[in-house]
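Trainee: pasting a predicted model and its sequence here:
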Amino acid sequence: MDKIVVRGGAPLQGHVRVSGSKNAALPILVSSLLVGGETTFRNVPGLMDIHSILDLIAELGVKVNRSEDAITMDATTIACVEAPYDLVRKMRASILVLGPLVSRMGRAKVSMPGGCAIGDRPIDLHLKGLEAMGATIRLEQGYVEAEAKRLKGARIVFDTVSVGATENLMMAATLADGVTLLSNAAREPEIIALADVLNGMGARVEGAGTPEITITGVTKLSPVEARIIPDRIEAGTFMVAAAMTGGDVVVDACEPKHMEHTLNKLEQVGATLEVGVDSVRVIGPKTIKNVDIRTAPYPGFPTDMQAQFMAMLTLADGASVIHETIFENRFIHVSELKRMGANIVLKGNDVATVKGVKRLSGAQVMASDLRASASLILSGLVAEGETVVNRVYHLDRGYEHIETKLRGLGASIERVKG
Ligand code: UD1
(Lines give C-alpha, C1' and ligand atoms only; values in the text may rest on other atoms or scores of the structure.)
Protein backbone atom coordinates (compact mmCIF):
# COMPACT_ATOMS: atom_id res chain seq x y z
CA MET A 1 0.00 0.00 0.00
CA ASP A 2 1.30 3.47 -0.89
CA LYS A 3 2.70 5.82 1.76
CA ILE A 4 3.30 9.53 1.70
CA VAL A 5 6.51 10.85 3.20
CA VAL A 6 6.55 14.52 4.22
CA ARG A 7 9.49 16.53 5.57
CA GLY A 8 8.29 19.55 7.48
CA GLY A 9 9.58 23.09 7.53
CA ALA A 10 9.06 24.83 4.20
CA PRO A 11 6.54 27.69 4.12
CA LEU A 12 4.39 27.04 1.05
CA GLN A 13 4.69 29.57 -1.78
CA GLY A 14 3.12 29.96 -5.23
CA HIS A 15 -0.08 29.11 -7.06
CA VAL A 16 -2.19 25.95 -6.87
CA ARG A 17 -5.21 25.04 -8.98
CA VAL A 18 -8.29 23.47 -7.47
CA SER A 19 -9.92 20.45 -9.16
CA GLY A 20 -13.61 19.83 -9.74
CA SER A 21 -15.66 18.98 -6.67
CA LYS A 22 -15.91 15.30 -5.79
CA ASN A 23 -19.11 15.77 -3.82
CA ALA A 24 -20.76 17.71 -6.65
CA ALA A 25 -19.56 15.29 -9.32
CA LEU A 26 -20.87 12.11 -7.62
CA PRO A 27 -24.61 12.93 -7.72
CA ILE A 28 -24.28 14.73 -11.05
CA LEU A 29 -22.73 11.66 -12.69
CA VAL A 30 -25.52 9.57 -11.20
CA SER A 31 -28.15 11.96 -12.62
CA SER A 32 -27.21 10.66 -16.08
CA LEU A 33 -29.33 7.60 -15.20
CA LEU A 34 -32.44 9.78 -15.55
CA VAL A 35 -31.78 10.59 -19.20
CA GLY A 36 -32.49 8.40 -22.21
CA GLY A 37 -29.55 9.85 -24.12
CA GLU A 38 -25.99 11.09 -23.78
CA THR A 39 -24.77 13.43 -21.02
CA THR A 40 -21.30 14.98 -20.83
CA PHE A 41 -19.58 16.45 -17.78
CA ARG A 42 -16.29 18.35 -17.69
CA ASN A 43 -13.92 19.22 -14.85
CA VAL A 44 -14.62 15.85 -13.21
CA PRO A 45 -11.74 15.11 -10.80
CA GLY A 46 -9.69 11.96 -11.35
CA LEU A 47 -10.34 10.31 -7.99
CA MET A 48 -10.97 6.83 -6.64
CA ASP A 49 -14.53 7.72 -5.60
CA ILE A 50 -15.26 8.95 -9.12
CA HIS A 51 -13.88 5.72 -10.64
CA SER A 52 -16.04 3.74 -8.20
CA ILE A 53 -19.28 5.53 -9.15
CA LEU A 54 -18.48 5.24 -12.88
CA ASP A 55 -17.83 1.51 -12.46
CA LEU A 56 -21.23 1.22 -10.82
CA ILE A 57 -22.97 3.26 -13.54
CA ALA A 58 -21.29 1.08 -16.19
CA GLU A 59 -22.42 -2.05 -14.32
CA LEU A 60 -26.02 -0.88 -14.85
CA GLY A 61 -25.47 -1.09 -18.59
CA VAL A 62 -24.78 2.59 -19.25
CA LYS A 63 -22.09 3.31 -21.85
CA VAL A 64 -19.41 5.29 -20.05
CA ASN A 65 -16.66 7.04 -21.95
CA ARG A 66 -13.81 8.58 -19.92
CA SER A 67 -11.48 10.96 -21.67
CA GLU A 68 -8.97 13.28 -20.03
CA ASP A 69 -11.26 16.28 -19.75
CA ALA A 70 -14.78 14.87 -20.05
CA ILE A 71 -16.96 11.97 -19.00
CA THR A 72 -19.73 11.00 -21.37
CA MET A 73 -22.49 8.61 -20.37
CA ASP A 74 -25.18 7.21 -22.61
CA ALA A 75 -28.05 5.81 -20.56
CA THR A 76 -30.42 5.25 -23.49
CA THR A 77 -30.72 1.70 -22.21
CA ILE A 78 -30.33 0.64 -18.61
CA ALA A 79 -29.78 -3.09 -18.74
CA CYS A 80 -29.78 -3.84 -15.03
CA VAL A 81 -31.16 -2.14 -11.91
CA GLU A 82 -29.00 -3.90 -9.32
CA ALA A 83 -26.06 -2.24 -7.55
CA PRO A 84 -24.01 -5.13 -6.17
CA TYR A 85 -22.26 -5.29 -2.82
CA ASP A 86 -18.76 -5.32 -4.28
CA LEU A 87 -19.22 -1.92 -5.89
CA VAL A 88 -21.37 -0.28 -3.20
CA ARG A 89 -19.10 -1.22 -0.30
CA LYS A 90 -16.31 0.91 -1.77
CA MET A 91 -18.31 4.06 -1.35
CA ARG A 92 -21.45 5.07 0.52
CA ALA A 93 -22.48 7.60 -2.12
CA SER A 94 -23.46 4.60 -4.29
CA ILE A 95 -26.84 4.78 -2.54
CA LEU A 96 -27.53 7.81 -4.77
CA VAL A 97 -28.43 5.47 -7.65
CA LEU A 98 -31.51 4.26 -5.75
CA GLY A 99 -33.80 7.26 -6.37
CA PRO A 100 -32.98 7.78 -10.07
CA LEU A 101 -33.28 4.05 -10.85
CA VAL A 102 -36.70 3.63 -9.22
CA SER A 103 -37.88 6.85 -10.77
CA ARG A 104 -36.86 5.95 -14.32
CA MET A 105 -37.07 2.14 -14.28
CA GLY A 106 -39.73 1.47 -11.61
CA ARG A 107 -37.40 -0.80 -9.64
CA ALA A 108 -33.98 -0.83 -8.03
CA LYS A 109 -31.96 -3.15 -5.85
CA VAL A 110 -28.99 -1.59 -4.08
CA SER A 111 -26.69 -3.18 -1.55
CA MET A 112 -27.01 -1.47 1.84
CA PRO A 113 -23.95 0.67 2.48
CA GLY A 114 -22.32 -0.50 5.69
CA GLY A 115 -21.06 1.72 8.48
CA CYS A 116 -17.74 3.39 7.91
CA ALA A 117 -14.94 4.84 9.98
CA ILE A 118 -16.76 8.09 10.73
CA GLY A 119 -19.86 6.49 12.22
CA ASP A 120 -22.98 4.55 11.52
CA ARG A 121 -24.30 6.85 8.74
CA PRO A 122 -27.83 5.46 8.24
CA ILE A 123 -29.93 5.82 5.06
CA ASP A 124 -33.35 5.97 6.71
CA LEU A 125 -34.11 9.45 5.32
CA HIS A 126 -33.51 8.26 1.75
CA LEU A 127 -35.85 5.31 2.26
CA LYS A 128 -38.60 7.19 4.12
CA GLY A 129 -38.67 9.79 1.35
CA LEU A 130 -39.05 7.18 -1.39
CA GLU A 131 -41.79 5.48 0.62
CA ALA A 132 -43.62 8.81 0.93
CA MET A 133 -43.44 9.00 -2.87
CA GLY A 134 -45.21 5.66 -3.10
CA ALA A 135 -42.33 3.22 -3.42
CA THR A 136 -42.48 -0.16 -1.70
CA ILE A 137 -39.24 -0.74 0.16
CA ARG A 138 -37.95 -4.14 1.24
CA LEU A 139 -34.71 -4.88 3.04
CA GLU A 140 -33.49 -8.36 2.21
CA GLN A 141 -30.17 -10.13 2.43
CA GLY A 142 -28.26 -6.88 2.76
CA TYR A 143 -30.05 -5.24 -0.15
CA VAL A 144 -32.63 -2.44 -0.36
CA GLU A 145 -35.25 -3.20 -2.96
CA ALA A 146 -37.51 -0.36 -4.04
CA GLU A 147 -40.42 -0.57 -6.45
CA ALA A 148 -42.98 1.87 -7.81
CA LYS A 149 -44.72 1.91 -11.17
CA ARG A 150 -44.38 5.67 -11.13
CA LEU A 151 -43.32 7.69 -8.11
CA LYS A 152 -45.81 10.28 -6.93
CA GLY A 153 -45.06 13.80 -5.75
CA ALA A 154 -45.12 14.11 -1.95
CA ARG A 155 -44.37 16.50 0.91
CA ILE A 156 -41.24 15.27 2.64
CA VAL A 157 -39.96 16.87 5.83
CA PHE A 158 -36.46 15.69 6.73
CA ASP A 159 -35.84 15.06 10.46
CA THR A 160 -32.15 15.84 9.96
CA VAL A 161 -30.46 17.87 7.25
CA SER A 162 -28.92 15.33 4.88
CA VAL A 163 -26.97 16.16 1.74
CA GLY A 164 -27.29 12.65 0.28
CA ALA A 165 -31.01 12.24 1.03
CA THR A 166 -31.79 15.67 -0.45
CA GLU A 167 -29.90 14.74 -3.62
CA ASN A 168 -31.41 11.27 -3.93
CA LEU A 169 -34.99 12.47 -3.54
CA MET A 170 -34.49 15.56 -5.68
CA MET A 171 -33.36 13.28 -8.53
CA ALA A 172 -36.19 10.81 -7.91
CA ALA A 173 -38.79 13.60 -7.91
CA THR A 174 -37.79 14.95 -11.34
CA LEU A 175 -39.63 12.11 -13.11
CA ALA A 176 -42.39 11.63 -10.52
CA ASP A 177 -46.05 12.32 -11.13
CA GLY A 178 -46.86 15.69 -9.54
CA VAL A 179 -45.12 18.09 -7.19
CA THR A 180 -42.64 17.11 -4.46
CA LEU A 181 -41.74 19.47 -1.65
CA LEU A 182 -38.51 18.76 0.24
CA SER A 183 -38.56 20.60 3.54
CA ASN A 184 -35.51 21.04 5.85
CA ALA A 185 -33.44 20.23 2.76
CA ALA A 186 -29.64 20.55 2.67
CA ARG A 187 -28.44 23.88 1.24
CA GLU A 188 -24.89 22.98 0.14
CA PRO A 189 -23.48 24.43 -3.11
CA GLU A 190 -23.39 20.84 -4.39
CA ILE A 191 -27.20 20.73 -4.09
CA ILE A 192 -27.51 23.87 -6.22
CA ALA A 193 -25.04 22.42 -8.73
CA LEU A 194 -27.14 19.25 -9.04
CA ALA A 195 -30.36 21.26 -9.41
CA ASP A 196 -28.75 23.33 -12.17
CA VAL A 197 -27.79 20.17 -14.06
CA LEU A 198 -31.26 18.66 -13.61
CA ASN A 199 -32.89 21.87 -14.83
CA GLY A 200 -30.51 21.83 -17.79
CA MET A 201 -31.99 18.39 -18.58
CA GLY A 202 -35.48 19.89 -18.55
CA ALA A 203 -36.42 19.15 -14.93
CA ARG A 204 -38.38 21.70 -12.89
CA VAL A 205 -36.50 22.19 -9.63
CA GLU A 206 -36.98 25.41 -7.66
CA GLY A 207 -35.54 26.62 -4.38
CA ALA A 208 -32.26 24.66 -4.35
CA GLY A 209 -29.93 26.40 -1.88
CA THR A 210 -32.84 27.08 0.49
CA PRO A 211 -34.42 24.64 2.99
CA GLU A 212 -37.54 24.27 0.80
CA ILE A 213 -37.05 22.67 -2.60
CA THR A 214 -40.00 22.17 -4.95
CA ILE A 215 -39.76 19.71 -7.81
CA THR A 216 -42.50 19.45 -10.40
CA GLY A 217 -42.24 16.09 -12.12
CA VAL A 218 -41.87 15.83 -15.89
CA THR A 219 -42.19 12.73 -18.08
CA LYS A 220 -38.76 12.80 -19.68
CA LEU A 221 -35.36 14.44 -19.31
CA SER A 222 -32.98 15.33 -22.14
CA PRO A 223 -29.22 15.18 -22.67
CA VAL A 224 -27.09 17.93 -21.17
CA GLU A 225 -23.47 19.10 -21.04
CA ALA A 226 -22.18 20.73 -17.87
CA ARG A 227 -19.06 21.62 -15.91
CA ILE A 228 -18.46 20.51 -12.33
CA ILE A 229 -18.02 23.32 -9.76
CA PRO A 230 -14.67 23.73 -7.92
CA ASP A 231 -13.98 21.61 -4.86
CA ARG A 232 -14.42 23.89 -1.86
CA ILE A 233 -12.92 21.33 0.51
CA GLU A 234 -9.78 20.81 -1.55
CA ALA A 235 -9.46 24.60 -1.84
CA GLY A 236 -9.89 24.99 1.92
CA THR A 237 -7.28 22.32 2.58
CA PHE A 238 -4.67 24.23 0.54
CA MET A 239 -5.63 27.45 2.30
CA VAL A 240 -5.06 25.87 5.69
CA ALA A 241 -1.74 24.47 4.43
CA ALA A 242 -0.70 27.99 3.41
CA ALA A 243 -1.78 29.50 6.72
CA MET A 244 -0.21 26.93 9.03
CA THR A 245 3.16 26.87 7.26
CA GLY A 246 3.33 30.69 7.39
CA GLY A 247 3.31 30.64 3.59
CA ASP A 248 1.99 32.82 0.79
CA VAL A 249 -0.21 30.88 -1.63
CA VAL A 250 -2.76 31.81 -4.28
CA VAL A 251 -5.46 29.16 -4.57
CA ASP A 252 -6.75 29.43 -8.14
CA ALA A 253 -9.93 28.18 -9.85
CA CYS A 254 -11.92 28.13 -6.63
CA GLU A 255 -15.30 29.63 -5.72
CA PRO A 256 -14.80 31.92 -2.69
CA LYS A 257 -18.57 32.45 -2.39
CA HIS A 258 -18.92 28.79 -1.33
CA MET A 259 -16.32 29.16 1.41
CA GLU A 260 -17.47 31.98 3.67
CA HIS A 261 -17.12 30.13 6.95
CA THR A 262 -13.74 28.67 6.06
CA LEU A 263 -12.41 32.08 4.96
CA ASN A 264 -13.80 33.70 8.07
CA LYS A 265 -12.05 31.19 10.36
CA LEU A 266 -8.79 31.60 8.43
CA GLU A 267 -8.96 35.34 9.14
CA GLN A 268 -9.70 34.63 12.79
CA VAL A 269 -6.53 32.54 13.13
CA GLY A 270 -4.61 35.55 11.82
CA ALA A 271 -4.17 34.78 8.09
CA THR A 272 -4.31 37.67 5.64
CA LEU A 273 -6.64 36.98 2.71
CA GLU A 274 -6.96 38.61 -0.69
CA VAL A 275 -10.22 37.32 -2.11
CA GLY A 276 -10.67 37.53 -5.89
CA VAL A 277 -13.53 36.38 -8.11
CA ASP A 278 -12.18 32.84 -8.47
CA SER A 279 -9.02 32.88 -6.38
CA VAL A 280 -7.89 33.49 -2.81
CA ARG A 281 -4.41 34.53 -1.74
CA VAL A 282 -3.58 33.34 1.76
CA ILE A 283 -0.67 34.79 3.69
CA GLY A 284 0.03 32.85 6.86
CA PRO A 285 0.27 34.60 10.23
CA LYS A 286 3.45 34.74 12.37
CA THR A 287 1.47 33.23 15.24
CA ILE A 288 -1.67 31.16 14.82
CA LYS A 289 -4.46 32.44 17.06
CA ASN A 290 -6.79 30.02 18.80
CA VAL A 291 -10.42 29.88 17.57
CA ASP A 292 -13.44 27.80 18.48
CA ILE A 293 -15.19 25.81 15.78
CA ARG A 294 -18.60 24.21 15.60
CA THR A 295 -19.44 22.17 12.50
CA ALA A 296 -22.91 22.61 11.01
CA PRO A 297 -24.76 21.97 7.76
CA TYR A 298 -24.10 24.60 5.07
CA PRO A 299 -23.84 27.57 5.37
CA GLY A 300 -22.21 26.59 8.71
CA PHE A 301 -18.62 25.44 9.13
CA PRO A 302 -18.13 22.23 7.07
CA THR A 303 -17.45 19.00 8.91
CA ASP A 304 -15.16 18.14 5.97
CA MET A 305 -12.79 20.98 7.06
CA GLN A 306 -12.77 20.11 10.76
CA ALA A 307 -9.75 17.79 10.76
CA GLN A 308 -7.60 20.22 8.74
CA PHE A 309 -8.39 23.12 11.11
CA MET A 310 -7.65 20.91 14.07
CA ALA A 311 -4.22 20.15 12.59
CA MET A 312 -3.55 23.90 12.33
CA LEU A 313 -4.87 24.68 15.81
CA THR A 314 -2.47 22.19 17.41
CA LEU A 315 0.10 24.98 16.93
CA ALA A 316 -2.09 27.90 18.05
CA ASP A 317 -1.19 30.34 20.76
CA GLY A 318 -3.88 29.16 23.20
CA ALA A 319 -6.70 26.63 23.46
CA SER A 320 -9.43 26.04 20.88
CA VAL A 321 -12.64 24.09 21.38
CA ILE A 322 -13.96 22.11 18.42
CA HIS A 323 -17.53 20.76 18.41
CA GLU A 324 -18.39 18.14 15.80
CA THR A 325 -22.15 18.11 15.35
CA ILE A 326 -22.63 16.17 12.08
CA PHE A 327 -20.93 12.81 12.49
CA GLU A 328 -20.62 10.76 15.63
CA ASN A 329 -17.07 9.54 15.24
CA ARG A 330 -15.16 12.16 13.40
CA PHE A 331 -12.20 12.66 15.72
CA ILE A 332 -10.28 9.56 14.70
CA HIS A 333 -7.35 11.72 13.61
CA VAL A 334 -6.90 12.89 17.23
CA SER A 335 -4.87 9.90 18.38
CA GLU A 336 -2.54 10.21 15.38
CA LEU A 337 -2.08 13.96 15.90
CA LYS A 338 -1.22 13.23 19.53
CA ARG A 339 1.50 10.84 18.37
CA MET A 340 3.03 13.87 16.63
CA GLY A 341 3.03 15.84 19.89
CA ALA A 342 -0.37 17.57 19.76
CA ASN A 343 -2.16 18.29 23.03
CA ILE A 344 -5.82 17.39 22.48
CA VAL A 345 -8.37 16.35 25.08
CA LEU A 346 -11.62 14.71 23.98
CA LYS A 347 -14.87 15.02 25.89
CA GLY A 348 -17.28 12.39 24.64
CA ASN A 349 -17.41 11.84 20.91
CA ASP A 350 -18.10 15.37 19.91
CA VAL A 351 -15.95 17.94 21.74
CA ALA A 352 -12.19 18.34 21.45
CA THR A 353 -10.09 20.89 23.28
CA VAL A 354 -6.88 21.60 21.39
CA LYS A 355 -4.16 23.29 23.45
CA GLY A 356 -1.54 24.79 21.18
CA VAL A 357 1.99 23.40 21.46
CA LYS A 358 5.26 24.98 20.27
CA ARG A 359 6.07 22.25 17.75
CA LEU A 360 4.97 18.92 16.29
CA SER A 361 7.42 16.16 15.58
CA GLY A 362 7.35 13.84 12.59
CA ALA A 363 6.10 10.29 13.16
CA GLN A 364 4.66 7.23 11.45
CA VAL A 365 0.91 7.79 11.32
CA MET A 366 -2.10 5.98 9.91
CA ALA A 367 -4.76 7.60 7.74
CA SER A 368 -8.22 6.54 8.88
CA ASP A 369 -10.60 8.48 6.67
CA LEU A 370 -10.42 10.98 3.87
CA ARG A 371 -10.25 14.30 5.71
CA ALA A 372 -8.31 12.78 8.61
CA SER A 373 -5.63 11.82 6.07
CA ALA A 374 -5.44 15.41 4.90
CA SER A 375 -4.95 16.62 8.47
CA LEU A 376 -1.97 14.29 8.88
CA ILE A 377 -0.33 15.53 5.67
CA LEU A 378 -0.83 19.13 6.84
CA SER A 379 0.72 18.34 10.21
CA GLY A 380 3.63 16.69 8.43
CA LEU A 381 4.24 19.95 6.54
CA VAL A 382 5.05 21.77 9.79
CA ALA A 383 6.43 18.95 11.96
CA GLU A 384 10.12 18.63 12.70
CA GLY A 385 11.64 15.76 10.76
CA GLU A 386 9.88 13.17 8.68
CA THR A 387 6.23 12.11 8.81
CA VAL A 388 5.14 8.93 7.08
CA VAL A 389 1.41 8.75 6.38
CA ASN A 390 0.38 5.14 5.86
CA ARG A 391 -2.79 3.83 4.19
CA VAL A 392 -3.11 6.77 1.82
CA TYR A 393 -5.83 5.17 -0.28
CA HIS A 394 -8.27 7.23 1.80
CA LEU A 395 -6.55 10.35 0.51
CA ASP A 396 -6.78 9.17 -3.10
CA ARG A 397 -10.56 8.94 -2.71
CA GLY A 398 -10.81 12.71 -2.44
CA TYR A 399 -7.64 14.64 -3.38
CA GLU A 400 -6.40 14.71 -6.95
CA HIS A 401 -2.57 14.63 -7.16
CA ILE A 402 -2.22 16.16 -3.71
CA GLU A 403 1.49 15.43 -3.41
CA THR A 404 2.22 16.91 -6.86
CA LYS A 405 0.20 20.01 -6.05
CA LEU A 406 1.91 20.48 -2.67
CA ARG A 407 5.34 19.87 -4.21
CA GLY A 408 4.51 22.64 -6.69
CA LEU A 409 4.18 24.92 -3.65
CA GLY A 410 7.63 23.93 -2.38
CA ALA A 411 6.68 21.17 0.05
CA SER A 412 9.01 18.25 0.53
CA ILE A 413 6.57 15.41 -0.05
CA GLU A 414 6.69 12.20 -1.99
CA ARG A 415 4.68 9.04 -2.55
CA VAL A 416 6.35 5.75 -1.89
CA LYS A 417 4.68 2.98 -3.86
CA GLY A 418 3.95 -0.06 -1.78
C1 UD1 B 1 -22.12 14.33 2.41
C2 UD1 B 1 -20.72 14.48 1.87
C3 UD1 B 1 -19.69 14.38 3.00
C4 UD1 B 1 -20.04 15.40 4.08
C5 UD1 B 1 -21.49 15.27 4.53
C6 UD1 B 1 -21.91 16.34 5.51
C7 UD1 B 1 -20.91 13.54 -0.34
C8 UD1 B 1 -20.59 12.42 -1.27
N9 UD1 B 1 -20.48 13.41 0.92
O10 UD1 B 1 -22.23 13.03 2.98
O11 UD1 B 1 -18.41 14.65 2.47
O12 UD1 B 1 -19.19 15.18 5.20
O13 UD1 B 1 -22.37 15.35 3.40
O14 UD1 B 1 -21.68 17.60 4.99
O15 UD1 B 1 -21.49 14.53 -0.72
N16 UD1 B 1 -28.26 10.83 8.25
C17 UD1 B 1 -29.28 10.10 8.79
N18 UD1 B 1 -30.10 9.40 7.94
C19 UD1 B 1 -29.93 9.41 6.59
C20 UD1 B 1 -28.89 10.16 6.04
C21 UD1 B 1 -28.06 10.88 6.90
O22 UD1 B 1 -29.46 10.08 10.00
O23 UD1 B 1 -30.71 8.75 5.88
C24 UD1 B 1 -27.35 11.60 9.16
C25 UD1 B 1 -25.90 11.15 9.04
O26 UD1 B 1 -25.64 10.03 9.85
C27 UD1 B 1 -25.17 12.38 9.51
C28 UD1 B 1 -26.06 13.53 9.00
O29 UD1 B 1 -27.32 12.95 8.72
O30 UD1 B 1 -25.14 12.44 10.91
C31 UD1 B 1 -25.55 14.19 7.74
O32 UD1 B 1 -25.25 13.22 6.76
P33 UD1 B 1 -25.42 13.51 5.19
O34 UD1 B 1 -25.59 14.98 4.98
O35 UD1 B 1 -26.44 12.59 4.65
O36 UD1 B 1 -24.00 13.08 4.65
P37 UD1 B 1 -23.65 12.40 3.28
O38 UD1 B 1 -24.62 12.84 2.23
O39 UD1 B 1 -23.44 10.94 3.49
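Mentor: Done, it's in.
Trainee: what does this protein have sitting close to the ligand?
Mentor: Residues of the chain lying close to the ligand (C-beta under 6 Å from any ligand atom) are 23, 26, 92-93, 121-126, 160, 162-165, 186, 303-304, 326-327. Every C-beta, even on glycine, is put in place using the N, C-alpha and C of the backbone.
Trainee: just the buried ones from those residues, in ChimeraX syntax?
Mentor: Burial among the residues of the chain next to the ligand is assessed by 16 or more other C-beta atoms under 10 Å; the matching ChimeraX selection reads:
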select :23,26,92,93,121,123,125,126,162,163,164,165,186,303,304,326,327
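Trainee: mind checking which of the residues of the chain next to the ligand land in helices?
Mentor: 23, 26, 124, 125, 126, 163, 164, 165 (DSSP state H).
Trainee: show me what secondary structure element comes after the helix or strand hosting residue 344.
Mentor: Using DSSP states H and E, residue 344 maps to strand 343-347. On the C-terminal side of strand 343-347, the closest following helix or strand by DSSP H and E is strand 351-355.
Trainee: hmm, who's touching that next one?
Mentor: Contact with strand 351-355 is made by 290, 310, 313-314, 316, 318-324, 331, 334, 342-347, as judged by C-beta atoms under 8 Å, 6 or more residues apart in numbering.
Trainee: from these, which ones fall inside strands?
Mentor: Of these, the ones assigned to strands by DSSP state E are 319, 320, 321, 322, 323, 343, 344, 345, 346, 347.
Trainee: for the fourth one, give me the pLDDT.
Mentor: Read that as residue 322. At residue 322, the model reports a pLDDT of 98.
Trainee: so what's it up against?
Mentor: Residues counted as contacts of residue 322 (C-beta under 8 Å, 6+ apart) are 292, 293, 294, 306, 309, 310, 313, 351, 352, 353, 354.
Trainee: got TSV for the residues you listed, with pLDDT and neighbour count too?
Mentor: Shown next, in TSV, are those (pLDDT from 0 to 100; neighbours: other C-beta atoms under 10 Å):
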residue	pLDDT	neighbour count
292	98	14
293	98	22
294	98	14
306	97	26
309	98	28
310	98	27
313	98	29
351	97	15
352	97	24
353	98	14
354	98	27
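Trainee: go through those and say which is closest to the ligand.
Mentor: For the contacts of residue 322, the closest approach to the ligand (C-beta to the nearest ligand atom) belongs to residue 306, at 9.2 Å.
Trainee: just for the protein, where's the confidence low?
Mentor: 114-121 (pLDDT under 70).
Trainee: ok and the residue in it nearest the ligand?
Mentor: As assessed by C-beta to the nearest ligand atom, the ligand sits closest to residue 164 within the chain, at 2.8 Å.
Trainee: ok, the nearest residue to residue 221 once chain neighbours are set aside - contacts?
Mentor: Nearest residue to residue 221, sequence neighbours excluded (C-beta to C-beta, 6 or more residues apart in numbering): residue 201, at 4.0 Å. Residues counted as contacts of residue 201 (C-beta under 8 Å, 6+ apart) are 31, 34, 35, 39, 174, 221, 222, 223, 224.
Trainee: again, only using 10 Å
Mentor: 31-32, 34-35, 37, 39, 174, 218, 220-224, 226 (C-beta atoms under 10 Å, 6 or more residues apart in numbering).
Trainee: do a quick rundown of the helices in the stretch 151-300 of the chain.
Mentor: Listed in chain order, the helices of the stretch 151-300 of the chain (DSSP state H, counting those that start in this stretch) span 163-174, 189-200, 232-244, 260-268.
Trainee: put together a markdown table for these, with distance to residue 214 on each row.
Mentor: A markdown table is the format used below for those (distance: least, C-beta to C-beta, whole Å):
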| stretch | distance to residue 214 |
| --- | --- |
| helix 163-174 | 9 |
| helix 189-200 | 11 |
| helix 232-244 | 26 |
| helix 260-268 | 26 |
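Trainee: what's the spacing between residue 172 and residue 107?
Mentor: Applying C-beta to C-beta, to the nearest Å, the value for residue 172 to residue 107 is 13 Å.
Trainee: so which of those two has more stuff around it?
Mentor: Taking neighbours as other C-beta atoms under 10 Å, residue 172 and residue 107 compare with residue 172 leading, 29 against 16.
Trainee: that one contacts residue 126, doesn't it?
Mentor: Yes: in this structure, residue 172 is within contact of residue 126 by C-beta atoms under 10 Å, at 9.2 Å.
Trainee: which residues do residue 172 and residue 107 both contact?
Mentor: 101, 135, 146, 148.
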